[in-house]
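*Asks:* Below are the sequence and a predicted model; questions follow.
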Amino acid sequence: MRINLLGPLQAYGDDHRVDMAPAAQKVRQTLAMLVLNAGRVVPFEQLMDELWNDNPPASAHTALQTYVYQLRKRFSLGNPRSGGAVRAAGPLLGTVDGGYQLSLPADHVDVFRCEPLLARARAEFRDADFARARDTAAAALELWRDDALVDVRKGPTLKAEAVRLKELRTSAHHLRIESDLHLGRHHEVLVELTSMAGREPTDERAQGNLMTALYRMDRRAEALQVYRRAHERIATELGLDPSPQLQALHTAMLTSDEALLRPAGRLTAVTAAPRAARAPCHLPAPRERLTGRAGQLARLTAVLAGRAREDRPLVIVGGAPGTGKSELCLHAAHQVSGHYPDGRLYARLRDGAGRRVRPAEILRSFLRGLGAAEEQLRLGTTDLSLLFRTWTAELRVLVVLDDVCDVRDLTPLLPSGAGCGVVIGSRRRLFVSSSAVHVELAGLPFDDCLHLLESSVPRHRIAMDPEGLRRLARLCRGLPGVLFAVASQLRRRPHWTARQATAWVLASGDADSDPLGVRAGIDRTLATLPAELEPLAYALLSPGVPDRLTPALVAAALGISEQQAEDLLEELAESYLLRAQHPCVNGRFSYEWEPGIRPFAARPSSAPVMCSA
């Protein structure tokens with residue numbers, strides 16, 4: 001089975017001369033979605049959103065099953081759940097984990113052959129091997145027959161993918177032309193450059209390359225005229241001045257800079273990111289050494305440091321307050337920093353009170369670190385995001401985003417380059433990409449808790465009260481945040497035994513100062529809930545409400561409907577504060593607080609605890 005998406009959809013089975021692409025548009029959409037995510041699970045919900053754009057009919061799930069059946073039959077993809085024989089080799093379309101997964105070798109899809117070629121061309125260009133970069137980029141372009149997915153109906157996901165692939169094709173064109181310019185072939189590319197600059201009058205990369213070609217052909221007046229036209233169009237259509245790079249090229253031509261006449265004398269990609277004097281490293285230092293997280297750390301670093309994968313590595317670390325998400329993210333980021341030589345960027349998306357930090361503020365910090373001029377930093381959020389994507393397209397930058405609660409906050413902050421990596425510390429369960437690697441943290445095993453505390457207490461103190469230390473370890477509920485707070489207290493007060501530390505932990509629930517620091521994390525998580533649900537969530541934490549919760553019990557306790565109660569419980573489960581229990585009763589789950597949430601969320605008696613609908 002071979003699929004071509006870089007132009008009209010083509011699908012071939014065993015006979016490579018017969019195009020077997022289905023005629024029905026929704027089947028073509030389904031096929032395109034599965035192929036573009038080959039090797040990954042595509043959830044049912046994502047497919048239905050693509051096919052019916054947030055308005056699926058009642059029969060949507062049945063229709064989707066029919067489309068998948070047609071694809072299995074047409075391409076002999078089998079069905080591992082059908083009870084028949086499972087194919088030992090070859091393409092397979094399976095039903096797994098709430099979705100469908102197409103197993104298909106990467107070299108059987110033109111998109112997946114194109115992207116590695118372009119990545120290799122970029123690397124060759126960076127290494128100044130312009131002849132090879134030119135040939136490799138040309139080989140990538142030969143795979144294109146027209147605009148990607150040109151004859152496939154597109155929902156939200158395929159529209160976004162078509163835009164991405166169009167940018168990929170444009171980037172390959174620029175890279176091939178710029179390699180030719182470095183090789184002194186300005187005469188050969190002039191016609192192509194003139195056409196490209198005419199089609200895209202605000203594409204500064206195309207305008208700059210045309211200016212360079214004309215200048216080297218001793219047509220300086222025409223090169224300057226190209227700049228004037230570009231300046232007018234950019235000002236009229238975008239309300240901006242040309243970029244500093246294009247202005248610098250214009251100035252060099254006005255001053256007859258001899259470097260412009262040397263083919264390999266300058267990098268012609270005028271939209272490339274200016275190199276900062278030193279690659280930015282915004283990562284805070286980890287506060288503590290990791291205990292009991294060796295497996296999760298190894299998994300994160302393997303993904304982030306793996307250079308074999310062609311897509312951008314993206315990892316999401318989630319868990320209840322106090323489970324050590326931020327520390328794990330920072331340890332992983334520091335360990336792989338050598339794989340991201342162009343910078344390590346860090347931001348928290350919520351402040352100490354749980355309020356949202358504006359994406360524009362974060363983007364300005366990132367771009368300033370990468371060398372942006374102050375006039376560029378005055379752009380709005382959309383333009384800042386576009387500039388960040390443009391600059392990171394050919395860089396190897398690691399972006400660490402902590403305290404993430406909403407996918408919409410992430411979108412402007414993600415780098416675009418396949419060589420970039422992203423680490424996300426999340427207070428809620430997120431779906432960012434089907435290729436993202438998810439790590440969810442639970443409490444530490446008891447032996448690791450005990451070891452962490454033992455390392456903070458002089459050995460003779462351990463011998464005095466070993467059982468007391470074990471009780472103290474159990475009291476910390478496996479939460480690294482609590483364990484480190486207790487360990488810190490023991491280091492500051494070396495005369496304390498486990499008995500005093502235990503009393504201190506038990507008294508923390510009645511303290512206004514939140515000495516363990518977990519309550520603040522719970523408050524920040526609750527602050528991300530919809531405004532009408534936040535007081536109801538606090539009410540559930542009051543002493544009079546049982547630990548095991550059901551929609552019926554919560555509805556009675558809070559004076560709300562069972563549907564509202566279930567929505568509240570699901571929001572809390574999504575925020576890692578509750579966990580759903582199986583089996584469900586009457587189609588509804590029961591829920592329990594994550595370990596440590598109930599005891600450490602306790603508040604002084606003066607705090608409000610109950611509210612009504």
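*Replies:* Great, that's in hand.
*Asks:* so what's Ser426 up against?
*Replies:* 316-318, 325, 404-405 (Cβ atoms under 8 Å, 6 or more residues apart in numbering). Just so you know, the C-beta spots here come from the backbone N, C-alpha and C atoms, and that holds for glycine as well.
*Asks:* at 6 Å what do you get?
*Replies:* Contact partners of Ser426, counting by Cβ atoms under 6 Å, 6 or more residues apart in numbering, are 316, 318, 404.
*Asks:* Phi and psi next, for the closest residue to Tyr227 other than its chain neighbours.
*Replies:* Closest residue to Tyr227 apart from its sequence neighbours, by Cβ to Cβ, 6 or more residues apart in numbering: His250 at 4.7 Å. When read as degrees, to the nearest 10, the backbone of His250 gives phi -60, psi -50.
*Asks:* JSON lines for the contacts of Ser426, including secondary structure and pLDDT?
*Replies:* Listed next are the contacts of Ser426 as JSON lines, based on DSSP: H, G, I helix; E, B strand; the rest coil; pLDDT from 0 to 100:
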{"residue": "Ile316", "secondary structure": "strand", "pLDDT": "94"}
{"residue": "Gly318", "secondary structure": "strand", "pLDDT": "92"}
{"residue": "Val404", "secondary structure": "strand", "pLDDT": "90"}
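*Asks:* Specify which member of those is nearest to Pro201.
*Replies:* Val404 (38.0 Å; Cβ to Cβ).
*Asks:* is it true that that closest one touches Ala347?
*Replies:* No. Val404 sits out of contact with Ala347 when judged by Cβ atoms under 6 Å, with a separation of 9.7 Å.
*Asks:* if you count what's nearby, which of those two comes out ahead?
*Replies:* More neighbours surround Val404 than the other of Val404 and Ala347, with 25 against 19 (other Cβ atoms under 10 Å).
*Asks:* Next up, the contacts around that one.
*Replies:* Contacts of Val404 (Cβ under 6 Å, 6+ apart): 349, 424, 426.
*Asks:* coming back round to it: next one, pLDDT for the residue nearest to Tyr227 please.
*Replies:* On pLDDT, His250 comes in at 89.
*Asks:* Next: Leu246.
*Replies:* 88.
*Asks:* and the next element down the chain from the helix or strand it falls within?
*Replies:* Using DSSP states H and E, Leu246 sits within helix 244-254. The helix or strand immediately downstream of helix 244-254 is helix 294-305, counting by DSSP H and E.
*Asks:* how many neighbours does Leu9 have?
*Replies:* Other residues close to Leu9 by other Cβ under 10 Å number 21.
*Asks:* do Gly94 as well
*Replies:* With other Cβ under 10 Å as criterion, Gly94 counts 18.
*Asks:* Tell me if I'm right that Asp97 and Val41 touch.
*Replies:* Yes. Between Asp97 and Val41 a contact is recorded at 5.0 Å, counting by Cβ under 6 Å.
*Asks:* His187: what secondary structure?
*Replies:* What DSSP: H, G, I helix; E, B strand; the rest coil gives for His187 is helix.
*Asks:* how deep is it tucked in, by neighbour count?
*Replies:* The number of residues packed near His187 is 11, by other Cβ under 10 Å.
*Asks:* same check, this time on Ala552
*Replies:* Neighbour tally, Ala552, other Cβ under 10 Å: 15.
*Asks:* any idea how far it lies from Pro244?
*Replies:* In this view, Ala552 and Pro244 are 63 Å apart by Cβ to Cβ, to the nearest Å.
*Asks:* so where's the longest helix in this structure?
*Replies:* helix 156-182 (DSSP state H).
*Asks:* Could you pull up the mean pLDDT of it?
*Replies:* 90.
*Asks:* Just give me the neighbour total for the residue nearest to Tyr227.
*Replies:* Neighbourhood size, His250 [other Cβ under 10 Å]: 20.
*Asks:* go on, Pro321?
*Replies:* 26.
*Asks:* if we can go back for a sec, quick check: the gap between the residue nearest to Tyr227 and Gly371.
*Replies:* Distance from His250 to Gly371, by Cβ to Cβ: 20 Å.
*Asks:* what does Gly13 give?
*Replies:* Noted for Gly13: a distance of 51 Å to Gly371, by Cβ to Cβ.
*Asks:* More neighbours: which of those two?
*Replies:* A direct count of neighbours by other Cβ under 10 Å for Gly13 and Gly371 places Gly371 higher, at 17 against 14.
*Asks:* circling back: who are the neighbours of the helix holding Leu246, in terms of helices and strands?
*Replies:* Applying 3 or more Cβ pairs under 6 Å, 6 or more residues apart in numbering; DSSP states H and E, we find helix 244-254 packed against helix 204-216.
*Asks:* Give me the next element, helix or strand, following the helix it packs on.
*Replies:* Once the chain leaves helix 204-216, the next helix or strand it forms, by DSSP H and E, is helix 220-238.
*Asks:* Now do that following helix against helix 244-254, angle only.
*Replies:* Relative orientation of helix 220-238 versus helix 244-254 (axes from the mean of the first three to the mean of the last three Cα atoms, to 10 degrees): 160 degrees.
*Asks:* for helix 220-238, which positions count as buried?
*Replies:* 220, 223-224, 226-227, 230-231, 233-234 (16 or more other Cβ atoms under 10 Å).
*Asks:* for those, which one is nearest Trp593?
*Replies:* Ile234 (56.0 Å).
*Asks:* Show me which of Asp97 and Val41 is the more surrounded one.
*Replies:* Val41 (17 against 9).
*Asks:* Go ahead and confirm the more buried one touches Tyr100.
*Replies:* No. The criterion here is Cβ under 6 Å, and Val41 misses it with Tyr100 at 7.3 Å.
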